[in-house]
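Asks: coordinates only, no sequence provided:
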């Protein structure tokens, strides 16, 4: 449709067209974070997450109730603002060249949907660093999480395993370590990982361990269908990360990571002829922006294993 003058109807039609393209791409994007994060709404600059300590066991009710005072401890996840802005030449609109921008609007939608994945993968790769503090004050992936964080002499537990190349034996061994995790009251936490996350370099091995019905010698594969697996390209790319694998328990109400949303990503267009950007720069603007963050949940629901 070529035209000489832009009308309000043209502006509304343009807005509707590209909003639809953006939203369709946003909704159709293949994303991973919903599988392994706890979605959490936020109504302030940050959220404080409290974890119950020494949760008592159920008991037979004899006489009056025994009232236990629950100790709480927590940490904060601050919301951050993220944006993507694209300038569109008004000349291209007037010259009827907008067909070329359809893939761009679609790309903005995909990028907006996948950005929380990028935050999640960053948290996974860097979760063993001192900047990755979780609720007990330790690095999220660490070798010495105290069983009782209020006891300086407490025994510790590790969810950061080094020199552990992905194999069937190591998979079972590290699953057993997670299953043995205890809470501050000394009770088993009933953790049992159900998801293996690997970089592309370990995909073939993951499929061999978890998907093949038989082993190379012809016998039964005892780990076939033991758990699901996810291949994440962003988790690879160098000598260390290409040998690193993760075990996650995502079956519980709370998952290993938190996706906290203050404001869902929105698609905004500036096509008003009186808008400053149109008047001063002869450009229209497309912008996606949101306010959210990905943070660490309970450390005991995840284990990082680094191959040698």
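Replies: Thanks, I have it. Since this is a predicted model, take the numbers as computed values, not measurements. Numbering: from 1, shown residues only.

Asks: residue 196 is in contact with residue 232, isn't it?
Replies: No: the criterion here is CB atoms under 8 Å, and residue 196 misses it with residue 232 at 11.0 Å. For the C-beta atoms, the positions are set from N, CA and C on the backbone; glycine is no exception.

Asks: okay, those two: which has more neighbours?
Replies: Using other CB atoms under 10 Å, the more surrounded residue of residue 196 and residue 232 is residue 196, with 23 against 17.

Asks: any idea how far residue 15 is from the more buried one?
Replies: Per CB to CB, to the nearest Å, residue 196 is found 44 Å from residue 15.

Asks: what's the answer for residue 249, then?
Replies: Distance from residue 249 to residue 15, by CB to CB: 44 Å.

Asks: please apply the same query to residue 92.
Replies: Counting by CB to CB, the gap from residue 92 to residue 15 is 16 Å.

Asks: surely residue 128 and residue 141 touch.
Replies: Yes: with contact defined as CB under 8 Å, residue 128 counts as touching residue 141 (4.2 Å).

Asks: circling back to that earlier point, more crowded one of residue 249 and residue 15?
Replies: When residue 249 is set against residue 15 and neighbours are counted by other CB under 10 Å, the residue ahead is residue 249, at 26 against 16.

Asks: thinking that one is in contact with residue 189, fair?
Replies: No: contact criterion CB under 8 Å: residue 249 and residue 189 do not qualify, at 9.1 Å.

Asks: circling back to that earlier point, what do residue 128 and residue 141 both touch?
Replies: 160, 304 (CB atoms under 8 Å, 6 or more residues apart in numbering).

Asks: count of residues packed around residue 216?
Replies: Residue 216: 8 neighbours (other CB under 10 Å).

Asks: adjacent strands (with direction) for the helix or strand containing residue 303?
Replies: Here residue 303 sits within strand 302-306, counting by DSSP states H and E. Sheet pairing for strand 302-306, assigned by DSSP bridges, gives strand 160-161 (parallel), strand 244-248 (antiparallel).

Asks: now, of those, which is deepest in the fold?
Replies: Sort these by mean neighbour count, taking mean count of other CB atoms under 10 Å, and strand 244-248 sits at the top with a mean of 24.

Asks: quick one, the helix or strand just after it and strand 302-306 angle?
Replies: Scanning forward in sequence from strand 244-248 by DSSP H and E, the next helix or strand is strand 257-270. Inter-element angle recorded for strand 257-270 and strand 302-306: 90 degrees (by axes from the mean of the first three to the mean of the last three CA atoms, to 10 degrees).

Asks: next, the buried residues of strand 257-270.
Replies: Buried residues in strand 257-270, counted by 16 or more other CB atoms under 10 Å: 257-262, 265, 267, 269-270.

Asks: just give me the closest of the residues you listed to residue 107.
Replies: residue 267 (12.1 Å; CB to CB).

Asks: tell me which element residue 121 is part of?
Replies: Going by DSSP H and E, residue 121 is in helix 102-125.

Asks: if anything else comes up later, I'll come back, but that's it for now.
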